[in-house]
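Trainee: Structure of the sequence below:
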Amino acid sequence: MTFLQLVQAFVREADLGPPGRPTTVINQSGELSQSVHWVREAWIELQSRHEWRWMRRTYALDLVEGQEIYTIEDAHDVGYISNAQLITLDLSTRPRISESFGTWYSGPYDLVTLLPRHLNSGRQLTALPWEEFRSTRELATNVTGDPTNYSVDPIEQLHFYPSPDGDDYRVFGEYKIDAQSLERDDDVPSLPRRFHQLIVYTALTMYGQQQNSPEIVEYGRTRENKLTRQLEQDQLPATQVAGPLI
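Mentor: Purely as a prediction, here's the structure:
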């Protein structure tokens, strides 16, 4: 559903007007303006609940001899391709992740792979907490070699240790895109379409709480919880699926 269709569905569920209202999400007032607000807020809140699979993307970056630190400007979105394709891919043809970056992915399967481009296979690097990585680096300065560890510093820069001893290394892993904001009539939420109604029920629950209406809250939350469980089963690793909502 589009943003406009989601707001129309919310208005219908909340009994705030006849079918088909509003005809646009732009420049509304009164209850229709509030309807636009609740749907927009529900979508932002839903995206923040977990490390959802639909919000994960793959990045790649080329390491530079002697360079330890890399920013989001150095990384490119590469989609989901094989190692063989990744070795020969011209990263300059791919968008930089800075256009959509939220944070580096840090779920239970947080894998960063080092891929020497003269080989057909790579190996996974060991992630270290920033404090531990910093201590290791300070004990062995100016060390170069085949990188084995990486870490993310407080300002979202990637660090590799040892610093690469050549320009033949390509790294890839996953990052999480920034939360999407719905603004225009034809904006479409990025989660799978079969779960779009969850946004409506989440908005309805939030609206019912603001209105101090137990009936609206119960109606919205019952349906929200059912779809939330289905979404978690579909979009989270098995070890992350939450228990029943109460």
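
Trainee: Helices along this protein, start to end?
Mentor: All helices of the chain, identified by DSSP state H, fall at 3-13, 30-47, 83-88, 130-139, 197-210, 214-235.

Trainee: Nearest to V171 among those would be which one?
Mentor: Closest to V171 of the helices of the chain is helix 83-88 (Cβ to Cβ; 10.2 Å). Every C-beta, even on glycine, is put in place using the N, C-alpha and C of the backbone.

Trainee: just checking, what packs against that closest one?
Mentor: strand 113-116, strand 169-177 (3 or more Cβ pairs under 8 Å, 6 or more residues apart in numbering; DSSP states H and E).

Trainee: out of the ones you listed, nearest to D62?
Mentor: Nearest to D62 among the helices and strands packed on helix 83-88 is strand 169-177 (5.4 Å), distances taken as Cβ to Cβ.

Trainee: which outside residues touch the closest one?
Mentor: By Cβ atoms under 8 Å, 6 or more residues apart in numbering, the surrounding residues in contact with strand 169-177 are 51, 55-63, 75, 78, 86-87, 97, 100-105, 110-117, 125, 147, 150, 158, 160, 190.

Trainee: and the residue lying closest to W52 once chain neighbours are set aside, how many residues sit next to it?
Mentor: Nearest residue to W52, sequence neighbours excluded (Cβ to Cβ, 6 or more residues apart in numbering): Q235, at 5.0 Å. Neighbourhood size, Q235 [other Cβ atoms under 10 Å]: 19.

Trainee: Neighbours of N212, how many?
Mentor: 8.

Trainee: burial measure for the closest residue in space to A60 that isn't next to it in sequence, as a count.
Mentor: The shortest distance from A60 to any non-neighbouring residue, by Cβ to Cβ, 6+ apart, is to F172 (4.2 Å). Neighbour count of F172, defined by other Cβ under 10 Å: 21.

Trainee: show me where pLDDT drops low in this structure?
Mentor: 106-110, 118-121, 239-246 (pLDDT under 70).

Trainee: check contacts around R21.
Mentor: By Cβ under 8 Å, 6+ apart, the neighbours of R21 are Q8, V11, L32.
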